[in-house]
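Predicted model, plus sequence, below.
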Amino acid sequence: MLSAVYPGSFDPITFGHLDIIVRASKCFDKLYVVVFENKGKTPLFSVSERVAMIQEECSGLPNVEVLSSSGLLVDFAKKHGVKVIVKGLRAVSDFDYEFKMALMNKKLAPDIETVFMMTSLKYLYLSSSLVKEVASYGGCIKDLVPPGVEKRVFERMNVQRMSQ
C-alpha cells in the first residue's frame, strides 16, 4: 500500500487545497492531510478547527485521513509509514521554497520522496492569505472556499459580507 502526506497550514482550506487533495487521493492508496502549525504566521483558526473543516470537506474521500502534527514532517511520515510527500505548486516562487524544503526533507529522510502537483489553472492565484485579506474587507470569497468555510471565516473575522 502506497501512502502519501499532504501537509499544510490550511488556514483556511481553499478550493485550491481541495483540488490537490482530490487529485492526490486518486494517486495513492492512503492520503494523510496534515495540519501543521506555521510558527511564522498568526492563524485565524486553531489547529483543531482547521482539522474539523478539512474533515468536513473530505468526508466523501474514503482513503483520506485528516490529522494534525507538530515538529518535522519527515518524523510524521516515518511514524505513519509514508513514503511520499505531496506538495502543491502555483508559481515559480512556490517552487523555489518547496524545492529547498524537499532537499532538506531528502537529507533528513533519504527514503521519502517529494512529489509536486501543479494546481489547476483556475486556482493559480489562490492562497489562504488572499482569502483572509479579501474577507477582511467583506469581499466575496464564495468561489475561493467551500460554503461552510466561507461562513466560518466571516464569523471569525466578525465582518459583514458585501453583496455577492
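Structure received.

CA atoms for contacts and neighbours, from now on please.
OK.

Tell me where the model's unsure across the protein.
In the prediction, the chain carries residues with pLDDT under 70 at positions 159-164.

now the biggest helix by length in it, how far from the centre of its chain.
Secondary structure of the chain per DSSP state H: the longest helix is helix 92-108. Distance, stretch centre to chain centre, for helix 92-108: 16 Å (CA atoms, centre = their mean, to the nearest Å).

and what of stretch 8-16?
On the basis of CA atoms, centre = their mean, the separation between the geometric centre of stretch 8-16 and that of its chain is 4 Å.

Now do the buried residues in it.
G8, S9, F10, D11, P12, I13, T14, F15, G16 (16 or more other CA atoms under 10 Å).

Closest to F95 out of those?
Sorting the buried residues of stretch 8-16 by how near they are to F95, with CA to CA, puts G8 at the top with 15.0 Å.

So that closest one sits against I21, correct?
No - applying CA atoms under 8 Å, one finds G8 not in contact with I21, separated by 11.3 Å.

about what we covered before: kindly present the buried residues of stretch 8-16 as JSON lines, with separate columns for distance to F99.
Formatted as JSON lines, the entries for the buried residues of stretch 8-16 read as follows, by distance: CA to CA, whole Å:
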{"residue": "G8", "distance to F99": "15"}
{"residue": "S9", "distance to F99": "18"}
{"residue": "F10", "distance to F99": "20"}
{"residue": "D11", "distance to F99": "22"}
{"residue": "P12", "distance to F99": "24"}
{"residue": "I13", "distance to F99": "22"}
{"residue": "T14", "distance to F99": "22"}
{"residue": "F15", "distance to F99": "23"}
{"residue": "G16", "distance to F99": "20"}
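
Inside strands: which ones of the residues you listed?
With strands defined by DSSP state E, the entries of these inside them are G8.

Can you tell me which of the buried residues of stretch 8-16 is nearest A77?
G8 (13.7 Å).

ok, now which ones touch that closest one?
V33, V34, V35, F36 (CA atoms under 8 Å, 6 or more residues apart in numbering).

May I ask you to confirm that E150 belongs to a helix?
Yes - E150 forms part of a helix when assessed by DSSP: H, G, I helix; E, B strand; the rest coil.
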